[in-house]
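Colleague: only geometry, no sequence info:
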């Protein structure tokens, strides 16, 4: 059965039908703003305690913890590159998606939700981030046969439209 890939506007902390959600983490895996803040608030203080021994991580790395009070089994934490600082940025961003999917596959997870990694406070241009994210997921999924659904959960309507348009253009070229 082919993997279902979807893009929707929503809150990454409220994806109860997903086995894992991906955190747009900082290097120290601490609560912060944006996605990291939302996930840490929803998961409760246990998430911060679980993250501490895993930190620090490098751009492109992915680590996994329990999800605690989130409606998911796991949180996969990825450190995306800061645009203009953590080069080569495209390679590091692709590593995030690839490593998260491979980690999900190793843990027997079939449904995973991603935010737009690095496209917020880390300054990655949204269109380029969407292109890299979707291309990497599509290239990696054949090596992850257990993954049945990948969802991109975008915070606002504009970001959702960019991801949907990028996915539609990818599907037309397949």
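Modeller: Sure, I can see it. On a predicted model such as this, the values are computed, not experimentally measured, just so you know.
Colleague: Look up the closest residue to the most centrally placed residue in the chain, ignoring the ones flanking it.
Modeller: Among the residues of the chain, the one closest to the centroid is residue 114, at 3.2 Å (CA atoms, centre = their mean). In this structure, residue 114 finds its nearest non-sequential neighbour in residue 22, 4.6 Å apart by CB to CB, 6 or more residues apart in numbering. Bear in mind the C-beta positions are built from the backbone N, C-alpha and C, glycine included.
Colleague: Torsion angles phi and psi at the one you found?
Modeller: With angles defined as degrees, to the nearest 10, residue 22 sits at phi -100, psi 130.
Colleague: Run through the residues that contact it.
Modeller: The contact partners of residue 22, by CB atoms under 8 Å, 6 or more residues apart in numbering, come to 12, 62, 75, 76, 77, 78, 100, 112, 113, 114, 115, 117.
Colleague: give me that answer again for 6 Å
Modeller: 76, 78, 100, 114 (CB atoms under 6 Å, 6 or more residues apart in numbering).
Colleague: State the distance from residue 31 to residue 52.
Modeller: Counting by CB to CB, to the nearest Å, the gap from residue 31 to residue 52 is 11 Å.
Colleague: These two: which is more packed in?
Modeller: Taking neighbours as other CB atoms under 10 Å, residue 31 and residue 52 compare with residue 31 leading, 17 against 10.
Colleague: Report pLDDT for the more buried one.
Modeller: Residue 31 is assigned a predicted lDDT (pLDDT) of 95.
Colleague: One more: residue 173?
Modeller: pLDDT, residue 173: 59.
Colleague: what about the residue lying closest to residue 144 once chain neighbours are set aside, is that helix, strand or coil?
Modeller: Spatial nearest neighbour of residue 144, chain neighbours left out: residue 105 (4.0 Å); criterion: CB to CB, 6+ apart. Secondary structure state of residue 105, per DSSP: H, G, I helix; E, B strand; the rest coil, is helix.
Colleague: I'd assumed residue 142 was in contact with residue 105.
Modeller: No. Residue 105 is beyond contact range of residue 142, at 11.1 Å (criterion: CB atoms under 6 Å).
Colleague: Could you measure from residue 108 over to residue 62?
Modeller: Distance from residue 108 to residue 62, by CB to CB: 16 Å.
Colleague: On the strand side of things, show who the residue nearest to the centre of the chain bridges to.
Modeller: residue 152 (DSSP bridges).
Colleague: Pull out the buried residues from stretch 148-164.
Modeller: 148, 150, 151, 152, 153, 154, 155, 159, 160, 162, 163, 164 (16 or more other CB atoms under 10 Å).
Colleague: Which single one of those residues is nearest to residue 26?
Modeller: residue 155 (17.4 Å; CB to CB).
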